[in-house]
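Next come a sequence and a model predicted from it.
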Amino acid sequence: VALRFVLTVIAVILPTLTNAKHVLMFVIDDLGFGDCSYKNVTYPSVDFGPMIPTPSIDELALGGVRLESYYVTQLCSPTRTSLLSGRYPYTIGMNGEVITDGNPDTMPLTLKTVADHLQEAGWATSAYGKWDAGMTSWGCTPTCRGFDHFNGFYNAFNDYFSHEVGKYLDLRKDFEPDSKQTGVYETELITTRVQDWITNVVTDNATANSFAYVAHEANHAPNQAPMRYLEGHCLDKIPEDRPIRRILCGMMRAVDESVKNITQTYKDLGIWEDTQVIFTADNGGNPGTGGSNWPLRGQKATTFEGGVRGLGWVYGNDIQESLRGSINHQMLHVADWLPTIVHGIAGLSLDNLSKPGMPPPPPLDGIDQWGVITKNDTTLRTEMLLNLIPTVCKASTAPCQVPGQGAIRVGNWKLLAGHTAVWAGNKNASICTTRSGRPGGNSIPFPIYANTSTYWCPNGWTPPPESRLLPQPPPDVECKELPCHFPATNYTIGGYFLFDVVNDPFERHDRAADFPEVVAQLKAKLDAYNATNIPQSHSPHDPASNPLQFKHVWTPWRGDPVPSHCSTNISVPGQGLHSNFDGVKFEDDGCYVQGWVWDAAQSDGGVAPVNVSISINNKEIMVVLANVSRPDLPTKTGAPNANHGLYAKLSYDNCGAFGGEMSVKVDVDALVDSARVPFQKSPVCLVKDEPVTCR
C-alpha cells in the first residue's frame, strides 16, 4: 500500500508536458488479440491465416506506439469500471462480475471517473455505446458521472438493429430514450453521433478541450452485421462452414470504418494535430462467437494471456518522432488510463479524489504512464493484480486463505491461482469444446445452425478458423478426440500455474514445479490482497427493474425518478447517509447479516456508529448497533475505516432454514432521526441458503 501511495505522489509531482487538447478513446468489446491485421506485422513468424483486414486501425497502430505488455481484465464490467475509476476491479468490488439487465451492482458512487476530473476542469466530455458500469439509479449513469452527453446503452449488450435487451429498448440519448433508431446498425449510429458531437463542440468553441469515450458494442454477441461488411474478404477468405467467424469479420470491418470516419472528422475540423487517440480492448476475444486471440493461450473469461493481455495502442503528436511506429513492452494496466489521461495528457492535479458529500475513496491503483508511452521513460509499475475473486471466509476474524481465483504479474512472472476460468466452482469445465449454433434473429445476416459449430479450447490455443489449424488442448491434458472434458488438477480450485510471460508470452511452459520459491513469493502477494477482505459485488437480479414499469424501456429503477437530480439512492437528503448491504453469510452456528453504514451527520465526522433495524419477511426481529471495525485498508465503498460495520448474528430459524424450503426476505434499515432508510442493495432473498430473485 505504501508503494502505491508513493507512486501516486510521484505521478502528481512530475507531470508530462503535452500539446494535446483532444482525447479520442476507442474501447472495443470482446476484441481478440489476433483480430486486427497489424498483428501480422508485429508477429511475422505467427501463422494467422488470412487476417480480417483493418487498414484504418493498422495505419494508426503502426504509426503510433503498440502496447504489447498491456493488460485488461477477463470480463467487460471489471475492465470498464477499472478504466473509468483508475482502480483495480478488486479494490472497488467489481472483480468477476458482469452487470447485466436488472442487476443492482454499480461502480461505487464514491469514485470520481476520468470524465469527472476532466469535466471539472472545463473539458467537453461525451460517452458512446456500451456503459455496463451500473444503472440502478440515475446517479450511476454516464450523464451523472462526468459525461456532458451520452448516446448508447446501459446493459452488457443489446441487439445491434432493434437496440433492445429482452424485447425492451436500451438506447439513450442523454437521459431520454433514443426510440427512433430501429433498423440503424449500432456501430454506424454511434459513429455518426460522435462526428456530430465533436463538430458541435469545435463549432461552438474553437479552443475547447474534449474527451470522447467511444465504447463500441462490437465484437460482442449477438453476431450481427450488414451484409455489405461481409462482402469481399469475409465471404471470400473465411470458409463457408465458419459463418460465426464470417459475421464477426463483418463486425470488425464496421469498427475499422468507424475509426476511419471519426478520425477523418477530426482532420476536417482542423484538430487532428492536437488529438491523442487511445485504442483498447475490454478483454480477450470469445472464440465461441468468432473471436481470435491466436497465438495467445486462453480466451475471454480466463486469466491466461488470451483473456487479459489486451490489444492496445496510442497515436498522436505527443509521441516522440523516433518512437512512432514502435512497440512498447513495458507493463501497463487498464487502471492506468485515468491518471495517464487526467494528469499525463490533460496536466490536471490528482490531489483531490473525493466527491463532495461522499466518504473518501480508496487511493488510485493506476499510475501516469504518459511518459512511458510517449518518451519510453522507465515505468514505475513493477506488478499488477490481474484478478482476484476470494473464497467465502469461514471465520469472521480470519482472512480467506486461498483465493477462488487469482492472477498477478510481477516482473517477468505471472501466477495463476485456483480455477483459470471465471467460474471458480466448476471442476468439470471443458478443456476443448464446441460452439452450438444459434438460429434466427441473433445471427444476422444469415442463420447459424449447430452443424456449423467450431471447436475451440478455453484453456488451450485456438487458431482463427480461416487458418484451418486445429485447436490445441493444454499439454497436461490427454485429449485424443475433440471435444474433451477431462481437466487436469491445475484446472480445479487450488492449482497453480507460473509463466515467464516475457520469454514465453504464449504460455506454453508452466514453470511452477521449477521455481517453487517464485510461486511462494507471488502467492504471498495474492494473499496480501486477499487479506483485505474487500467484498465483491454479486447481487441477484432485482425484479423492480422490470421495463414494463417504464414504458418498455430499460430505466434506472431506484431513487429519485428525475434523471437530472442524479440520485445515488444511498443518501438521506440533508443527512449524508451512505450504506451497503453485503448480504447474508451462513456459518455452522447460524447466519450473519453483513454490511456497513456511514452517516456524515453523526459525531466525530461520521465515525460514531448508528443503529440499524433488521427485518425478515417484513417483520422487525432486532435493532443492533453497526459498530464492527472494518478492514485496515480502504474498502471498495471508501467509507472511513472506523467502527461502522454491521455483522449481526441471527439464528437459523430467523434465517429461514426450515428445511431450506422457504424464501426469506431481509430488509435492513438505518435509523437516522427516526427515519428508516433502506441500505443500498437491500433486500436480499434466500431459498435453501442461496440468494434468489426477490418477488
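In hand now; what should we look at? Numbers count the residues shown, from 1 in each chain.

Next, Ile373: secondary structure please.
The three-state assignment at Ile373 reads helix, by DSSP: H, G, I helix; E, B strand; the rest coil.

what's the answer for the one 5 residues further on, then?
Remark: Thr378 carries the secondary structure label coil [criterion: three-state DSSP].

ok, it touching Asn328?
No: between Thr378 and Asn328 there is no contact under CB atoms under 8 Å: 11.5 Å. Yep, even glycine has a C-beta here, placed from its N, CA and C like the rest.

what residues do these two have in common as contacts?
Listed contacts common to Thr378 and Asn328 are Val372; contacts here mean CB atoms under 8 Å, 6 or more residues apart in numbering.

Show residues contacting stretch 229-244.
Here stretch 229-244 has contacts from 50, 52-53, 223, 245-247, 249-251, 253-254, 257, 288-290, 435, 437, 443, 445-446, 448, 452, 454, 465-466, 468, using CB under 8 Å, 6+ apart.

on that earlier part again, what about Thr378 and Asn328, which has more around it?
Asn328 (23 against 8; other CB atoms under 10 Å).

Output the longest helix belonging to the protein.
The residue-count maximum for a helix in the chain (DSSP state H) belongs to helix 243-268.

where does the closest residue to Asn376 other than its chain neighbours fall, phi/psi-wise?
Distances taken as CB to CB, 6 or more residues apart in numbering place Leu323 nearest to Asn376, at 5.9 Å, with adjacent residues excluded. Dihedral angles of Leu323 (phi, psi; degrees, to the nearest 10) stand at phi -100, psi -10.

measure Leu323 to Leu118 for me?
Relative to Leu118, Leu323 is positioned 25 Å away (CB to CB, to the nearest Å).

ok, now Ala215?
According to CB to CB, Ala215 and Leu118 sit 16 Å apart.

List buried residues within the contacts of stretch 229-244.
Using 16 or more other CB atoms under 10 Å as the burial test, the contacts of stretch 229-244 include 52-53, 223, 245-247, 249-251, 253-254, 257, 288-290, 435, 437, 443, 445, 448, 452, 454, 465-466 as buried.

Let me see the ranges of the strands in the stretch 51-200 of the chain.
Assigned by DSSP state E, counting those that start in this stretch, the stretch 51-200 of the chain shows strands spanning 65-67, 70-71, 124-130, 149-153, 164-165, 168-169, 172-173, 176-177.

Listing partners with orientation, what would you give for the fourth one?
Read it as strand 149-153. strand 124-130 (parallel), strand 172-173 (antiparallel) (DSSP bridges).

So for the longest helix of the chain, mean pLDDT?
Predicted confidence along helix 243-268 averages 97 (mean pLDDT).

quick check: angle from it to strand 124-130?
170 degrees (axes from the mean of the first three to the mean of the last three CA atoms, to 10 degrees).

roughly how far is helix 243-268 from the heart of the chain?
Between the centre of helix 243-268 and the centre of its chain there are 22 Å (CA atoms, centre = their mean, to the nearest Å).

ok, then the element right after that helix?
Reading on from helix 243-268 to the C-terminus, the next helix or strand found by DSSP states H and E is strand 275-281.

ok, residues contacting that next one?
Contacts of strand 275-281 (CB under 8 Å, 6+ apart): 18, 20-28, 30-33, 57, 60-61, 64, 70, 72, 83, 259, 263, 266, 310-316, 318, 334, 337, 341, 345.

ok, 6 Å please
With contacts defined as CB atoms under 6 Å, 6 or more residues apart in numbering, strand 275-281 is touched by 20, 22-28, 31, 266, 310-316, 318, 345.

now the angle between helix 243-268 and it, please.
170 degrees.

hmm, who's touching the helix or strand that strand 275-281 is followed by?
Under the assignment DSSP H and E, the closest C-terminal helix or strand after strand 275-281 is helix 305-308. Helix 305-308 is touched from outside by 71, 74, 284, 293, 296-300, 386, 507, with contacts defined as CB under 6 Å, 6+ apart.

strands paired with the helix or strand following helix 305-308, and their directions?
Following helix 305-308 in sequence order, the next helix or strand is strand 312-315 (DSSP H and E). Here strand 312-315 is paired, per DSSP bridges, with strand 65-67 (antiparallel), strand 275-281 (antiparallel).

want to throw those into TSV with mean pLDDT and mean neighbour count?
Shown next, in TSV, are these (pLDDT from 0 to 100; neighbours: other CB atoms under 10 Å):
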stretch	mean pLDDT	mean neighbour count
strand 65-67	98	24
strand 275-281	98	24
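
Make CSV out of these and add distance to Met94.
Formatted as CSV, the strands paired with strand 312-315 follow (distance: least, CB to CB, whole Å):
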stretch, distance to Met94
strand 65-67, 23
strand 275-281, 17
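
Which among these is found nearest to Met358?
Nearest of the strands paired with strand 312-315 to Met358, taken as CB to CB: strand 275-281 at 27.8 Å.

So what's the gap between that closest one and the chain middle?
The answer for strand 275-281 is 17 Å, by CA atoms, centre = their mean.

Can you show me the CA trace of it as PDB?
What follows is strand 275-281, C-alpha atoms only, in PDB (Å, rounded to 0.1, in the frame of the first residue of the first chain):
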ATOM      1  CA  THR A 275      -5.600  14.900 -30.700                       C
ATOM      2  CA  GLN A 276      -4.400  11.800 -28.900                       C
ATOM      3  CA  VAL A 277      -6.000   8.500 -29.900                       C
ATOM      4  CA  ILE A 278      -6.200   5.600 -27.400                       C
ATOM      5  CA  PHE A 279      -7.400   2.200 -28.600                       C
ATOM      6  CA  THR A 280      -8.100  -0.700 -26.300                       C
ATOM      7  CA  ALA A 281      -9.900  -4.000 -26.000                       C
END
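
Any regions of the stretch 401-550 of the chain where pLDDT drops low?
Applying pLDDT under 70 to the stretch 401-550 of the chain flags the ranges 401-404, 419-430, 435-444, 449-453, 485-494.

What of the stretch 251-400 of the chain?
Residues of the stretch 251-400 of the chain that meet the cut-off, pLDDT under 70, sit at 391-400.

show me what contacts Cys479?
Pro473.

how close does it get to Val194?
The gap separating Cys479 from Val194 is 46 Å, by CB to CB.

nearest to Asn205, of the strands of the stretch 51-200 of the chain?
strand 124-130 (7.9 Å).

What lies in contact with the closest one?
Against strand 124-130 from outside (CB under 6 Å, 6+ apart): 115, 118-119, 142, 146-152, 190, 194, 197, 201, 208, 210-217.
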